[in-house]
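1. 3D, please:
(chains A and B)
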There are 2 protein chains.
Amino acid sequence: MAWQAGILETARRTKEISLKAPNFTGVQKSAFLLNLAENIEKKREIIKKANLLDIKKAKTKNFSDAFIDRLALTDKRIDKMAEAVRIVEKLPDPVGKIIWKTERPNGLRIERVRTPIGVIGIIYESRPDVTVEAGILCIKAGNCIILRGGKEAVNSNKILVKILKESLMDASLPEEMINLISTGGRKSVRYLLSLSGYLDLVIPRGGESLIEAVVKYSRVPVIKHYKGICHTYVDKDADIEMALKVSANAKIQRPSTCNAMETLLVHKDIAGSFLPVMAEIFRKEKVEIRGCEKTRKIIPQVKEATEKDWETEYLDLVIAIKIVDSAEEAIRHINRYGTLHSESIISNNREIASKFLKEVDAAAVFHNASTRFTDGGEFGLGAEIGISTDKIHARGPMGLEELTTYKYLVHGHGQIRQ
Amino acid sequence: MAWQAGILETARRTKEISLKAPNFTGVQKSAFLLNLAENIEKKREIIKKANLLDIKKAKTKNFSDAFIDRLALTDKRIDKMAEAVRIVEKLPDPVGKIIWKTERPNGLRIERVRTPIGVIGIIYESRPDVTVEAGILCIKAGNCIILRGGKEAVNSNKILVKILKESLMDASLPEEMINLISTGGRKSVRYLLSLSGYLDLVIPRGGESLIEAVVKYSRVPVIKHYKGICHTYVDKDADIEMALKVSANAKIQRPSTCNAMETLLVHKDIAGSFLPVMAEIFRKEKVEIRGCEKTRKIIPQVKEATEKDWETEYLDLVIAIKIVDSAEEAIRHINRYGTLHSESIISNNREIASKFLKEVDAAAVFHNASTRFTDGGEFGLGAEIGISTDKIHARGPMGLEELTTYKYLVHGHGQIRQ
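-> The predicted structure follows:
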């Protein structure tokens, strides 16, 4: 039970610090971020050494190459880390901003002001870059943070959190703003999720089973960053050149991301002219094609797509293609199999496009553009902690503002309610 | 298992309808509300008859007078119900409003647009007025709704939902936008909370045990409308007249509400002059006083306040009083025992007031005004479904805008990501 007492004590102290955090100034937070960027660069060799321990251990356990790749902190990744810290430093501080105000007939002046959320728990897999990303965004928004990363990254996470803590202290901020939980094994996640009096929000980042477990056990509000089964619908009134270019980009440019396309829906009237050229492009780029029955009549050499394909996030060079009778059918398919992430229509018909934008239920709906644009940077938010697939609090890319809440400040001169 | 199949089918159909709801116009929603106001007035006798069945049954079961009172639909309450419907009809439609937009260097035009949340579940106790209130606000914001009210109000709820459905159909809106679950007993709540694929949000309204059970079992995001342990802090630099008037209002004007004061915190330097007069006012109004040790030295005839008093929502003419050494101690007490609802400081010292507003963690923090003002109408939001004590999505009074979410609409001309 020692680990439970340890986690409880960490959560209690973090909550206490978080209540002081609305006082921490933008200047202090900037100093922390500048210290951090410098420290990451200066301590590059120590970081790489700790990371190597994790990688060596993971290699003895037969993890996949993709897993080892996500775990690895190369010089290039460390440079990018420091660069990300400097970008976040330059973003405006969201805390204290008045987002709405009014004066009531009785003279009460009411302001709605952005404030930190409080203590945020991040549950994630063995990706040490998330440790820094989540840390800097949460702290810049005035939050305190409890990290629970995958155990295969424990040495990397420990050194990174040590550097984060040192950078906080050098900016006269309490090191308890950031904490790493590395005891208690899997049970510690469940225990952390029970601490609703101390944590204000949990953000899980990782695969399906991780997110489902967090939703199942959490007594703390959760914002899900779930998978992206993203569609592109090529309408009968599409510009074929544009449809080819955008679909290729959505599938091929970076297939391992959540905003990459997984299913291509094509209107039956345009399928005959569009699909053979599209298939040629996909084949050249080594994309495996799986098609519905009608698709296979037009491009016969492809595998059959089954029900399971419509609900699979490949994250790979695989595409499922389905021919639909109408935009309505495309919308129905997306609302059934989509994951509220990113969806696109290619069409020159404004009426149909407008219907699609209105009726498709997703965080981001595109007209004549690639789903790959769903991203905090691309949307002009500066940075993101991830892409919410929830409908509560924040949808799509979550930047600094989405990591805050608000409170009402009411200024009176003795008003009482009648 | 028949009731489970029934609830599942209701949830499935409601989700399907909700996907069409962004198309429902403000004109249709207004027609529905005007129909409803008229129908409530026209069917007054039928409503009262159904309600009488519930009341008669409740009386045989020894429920408290307060319980029977909340259950009863008198002529006055029915008038108020119709009036509330007309007020909501006049509020602007939040759906479709562009809340942010930008044009990116690559020419993408990005709009953040208010949309309905989808399907909202309301879990509440035997208060039939909530059936209508929740129904009209959710539908005006374009949502569909599944109601699970207390079983003692089942006849009242059934007739009210019938009238709501008729009013929808008369406005050419699908009656499935609103649904009442009245089968399956307590288990039905737990079953409903498991349907995360169909429900987008759950709002529990009721006592502590109801809310705790919902948080424990829900796989659907929850926004809590929890209890209000609200404090007033009378600072050493308070205007004593103002402090007396505001404290009396916060405790006495309507003690059964969540924004009424439960604990009065008084700075030690002002306690000697303030408390005897305050106690006189409370006694005249039959308020039972419980005080800390120091309080009882100044007003000796009062009961002792124990730890339990600091964490009790009396909802009654009872007040707990504690003398504190400083504003810091007041802030610490509030952040420990408060429920993130409404808190007030009475002080002419701007610096201390500003510290209090910043450091007290609550949905609404007042300076020189009564906590009783935390209310959608008083804040100028027009109406409210309740007062959120969560920090995610919405804080404080939840009006129409807080019953929506947003999505990003992205307009391009063939842009691809580089």
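
2. what separates A:Glu401 from chain B, distance-wise?
-> A:Glu401 sits 10 Å away from chain B, going by C-beta to the nearest C-beta, to the nearest Å. (Glycine included, C-beta is placed from N, CA and C.)

3. and what of A:Val27?
-> In terms of C-beta to the nearest C-beta, A:Val27 sits 16 Å off from chain B.

4. That residue sits in which helix or strand?
-> A:Val27 belongs to helix A:26-42 when assigned by DSSP states H and E.

5. Which residues does that helix contact?
-> Helix A:26-42 has contacts (C-beta atoms under 8 Å, 6 or more residues apart in numbering or on different chains) with A:47, A:78-79, A:81-83, A:85-86, A:88-89, A:93, A:95, A:132, A:136, A:139-140, A:142, A:163-164, A:166-168, A:170-173.

6. Tabulate the CA atom coordinates of it in CSV.
-> Extracted C-alpha coordinates of helix A:26-42, given in CSV (Å, rounded to 0.1, in the frame of the first residue of the first chain):
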residue,chain,number,x,y,z
GLY,A,26,3.4,35.1,-17.5
VAL,A,27,6.9,36.3,-16.9
GLN,A,28,7.6,33.4,-14.5
LYS,A,29,6.1,30.9,-16.9
SER,A,30,8.2,32.3,-19.8
ALA,A,31,11.4,32.1,-17.7
PHE,A,32,10.6,28.5,-16.9
LEU,A,33,10.2,27.7,-20.7
LEU,A,34,13.4,29.5,-21.7
ASN,A,35,15.3,27.6,-18.9
LEU,A,36,13.8,24.4,-20.1
ALA,A,37,14.8,24.8,-23.7
GLU,A,38,18.3,25.6,-22.7
ASN,A,39,18.5,22.7,-20.2
ILE,A,40,17.2,20.2,-22.7
GLU,A,41,20.0,21.2,-25.1
LYS,A,42,22.6,21.3,-22.4
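
7. which phi and psi does the residue positioned nearest the centre of chain A have?
-> The centroid of chain A falls nearest to A:Gly386 when counting by C-alpha atoms, centre = their mean (1.6 Å). For A:Gly386, the backbone dihedrals (degrees, to the nearest 10) come out as phi 160, psi -170.

8. confidence score at it?
-> On the pLDDT scale, A:Gly386 is placed at 92.

9. How about the contacts made by the residue nearest to it when sequence neighbours are not counted?
-> With sequence-adjacent residues excluded and distances taken as C-beta to C-beta, 6 or more residues apart in numbering or on different chains, A:Gly386 is closest to A:His225, at 4.1 Å. Contact analysis of A:His225 by C-beta under 8 Å, 6+ apart lists A:Ile203, A:Pro204, A:Arg205, A:Ile211, A:Gly386, A:Ile387, A:Ser388, A:Thr389.

10. If you count neighbours, what's buried in the longest helix anywhere in chain A?
-> Of all segments of type helix in chain A, defined using DSSP state H, the longest is helix A:2-20. For helix A:2-20, a neighbour-count test (16 or more other C-beta atoms under 10 Å in any protein chain shown) marks A:Ile7, A:Thr10, A:Ala11, A:Thr14, A:Lys15, A:Glu16, A:Ile17, A:Ser18, A:Leu19 as buried.

11. Near chain B, list only the ones from these.
-> With the criterion set as C-beta under 8 Å from any C-beta of the partner chain, the members of the buried residues of helix A:2-20 near chain B are A:Leu19.

12. now the residue nearest to A:Asn23 when sequence neighbours are not counted: how far from B:Asp325?
-> Nearest non-adjacent residue to A:Asn23, counting by C-beta to C-beta, 6+ apart: B:Lys358, 6.4 Å away. To B:Asp325, B:Lys358 is 20 Å away according to C-beta to C-beta, to the nearest Å.

13. Of those two, give the one with the bigger neighbour count.
-> With neighbours defined as other C-beta atoms under 10 Å in any protein chain shown, B:Lys358 and B:Asp325 compare such that B:Lys358 has more, 17 against 11.

14. okay, that one: pLDDT?
-> pLDDT recorded at B:Lys358 is 96.

15. That one sits in which helix or strand?
-> Counting by DSSP H and E, B:Lys358 is part of helix B:350-359.

16. Parallel or antiparallel, which strands does the following helix or strand past that helix pair with?
-> Using DSSP H and E, the helix or strand that follows helix B:350-359 in sequence is strand B:364-369. Using DSSP bridges, the strands paired with strand B:364-369 are strand A:404-415 (parallel), strand B:342-346 (parallel).

17. so which of these comes closest to A:Lys61?
-> Nearest to A:Lys61 among the strands paired with strand B:364-369 is strand A:404-415; the distance by C-beta to C-beta comes to 39.7 Å.

18. OK, contacts around the nearest residue to A:Val410 once chain neighbours are set aside?
-> In this structure, A:Val410 finds its nearest non-sequential neighbour in B:Phe366, 4.5 Å apart by C-beta to C-beta, 6+ apart. By C-beta under 8 Å, 6+ apart, the contact set of B:Phe366 is A:Val410, A:Gly412, B:Ser342, B:Glu343, B:Ser344, B:Ile345, B:Phe373.

19. What sits closest to the second one if chain neighbours are left out?
-> So the one you mean is A:Gly412. In space, A:Gly412 is closest to B:Ala369, 2.9 Å off (C-beta to C-beta, 6+ apart).

20. Contacts only, for A:Leu193.
-> Contact analysis of A:Leu193 by C-beta under 8 Å, 6+ apart lists A:Gly121, A:Leu199, A:Val202, A:Val214, A:Tyr217, A:Ser218, A:Arg219, A:Val220.

21. whoops, I mixed them up, A:Ala353
-> With C-beta under 8 Å, 6+ apart, A:Ala353 has these contacts: A:Asp235, A:Ile345, A:Ser347, A:His367, A:Asn368.

22. do A:Val215 as well
-> Contacts here follow C-beta under 8 Å, 6+ apart; on that basis A:Val215 touches A:Pro204, A:Val222, A:Lys224, B:Ser196, B:Arg219.

23. Let's see that with 6 Å instead.
-> Residues near A:Val215 by C-beta atoms under 6 Å, 6 or more residues apart in numbering or on different chains: A:Val222, B:Arg219.
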